[in-house]
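[1] Attaching a predicted model along with its sequence, questions to come.
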Amino acid sequence: MCPNCILNQVGISPGLYVAFGICAFFMIAGIAAMIWAFKNGEFEDMESSKFEMLDDGDSTVQAERAKANLARLRTQSEAQSGS
């Protein structure tokens, strides 16, 4: 508020109440969306999407070996971070 508004004891205009209400609504909606995402496990495995994007669907011996190595490394890293 401007100093003149304070000196003349002018209140906040109704438009600001609407703007604050809209901001509060979007803040509550964002918090609810984050809670929903955490509860549904959307942030559990963020690393696999970059590998799925590059997967062309070929199941060759090398691809199967790479997938097995990746699974082995994941279990090792989970075991190390869990203890």
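    Received, thanks.
[2] okay, now residue 63: neighbour count?
    13 (other Cβ atoms under 10 Å). No exception for glycine: its C-beta is placed from N, CA and C like everyone else's.
[3] ugh, typo on my part, it should be residue 48
    So residue 48, with other Cβ under 10 Å, has 11 neighbours.
[4] Same check on residue 27?
    Neighbours of residue 27 (other Cβ under 10 Å): 10.
[5] helix or strand for it, which one?
    In the assignment (DSSP states H and E), residue 27 maps to helix 14-39.
[6] and the protein, what are its domains?
    What automatic domain parsing lists as the domains of the chain is 1-44, 45-83.
[7] Would you mark the buried spots in the last one?
    Read it as domain 45-83. Buried residues in domain 45-83, counting neighbours by 16 or more other Cβ atoms under 10 Å, are absent.
[8] how near is the most centrally placed residue in the chain to residue 8?
    The residue lying closest to the centre of the chain (Cα atoms, centre = their mean) is residue 34, at 6.3 Å. Noted for residue 34: a distance of 42 Å to residue 8, by Cβ to Cβ, to the nearest Å.
[9] same check, this time on residue 79
    Distance from residue 79 to residue 8, by Cβ to Cβ: 69 Å.
[10] Any regions of the protein where pLDDT drops low?
    1-2, 4-6, 10, 57-59, 82-83 (pLDDT under 70).
[11] 80 instead?
    Where the chain drops to pLDDT under 80, the residues are 1-14, 45-46, 48-60, 63, 81-83.
[12] quick revisit: how far off centre is the helix holding residue 27?
    Taking Cα atoms, centre = their mean, to the nearest Å, one finds helix 14-39 lying 16 Å from the centre of the chain it belongs to.
[13] downstream neighbour of it in the secondary structure list?
    Trace forward from helix 14-39 with DSSP H and E and the next one is helix 48-54.
[14] With only the CA atoms kept, save that following helix in PDB.
    Extracted in PDB, the C-alpha atoms of helix 48-54 (Å, rounded to 0.1, in the frame of the first residue of the first chain):
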ATOM      1  CA  SER A  48      14.600 -45.200 -15.700                       C
ATOM      2  CA  SER A  49      12.700 -42.800 -17.900                       C
ATOM      3  CA  LYS A  50      15.900 -41.700 -19.700                       C
ATOM      4  CA  PHE A  51      16.700 -45.300 -20.500                       C
ATOM      5  CA  GLU A  52      13.200 -46.100 -21.600                       C
ATOM      6  CA  MET A  53      13.300 -43.200 -24.000                       C
ATOM      7  CA  LEU A  54      16.400 -44.700 -25.700                       C
END
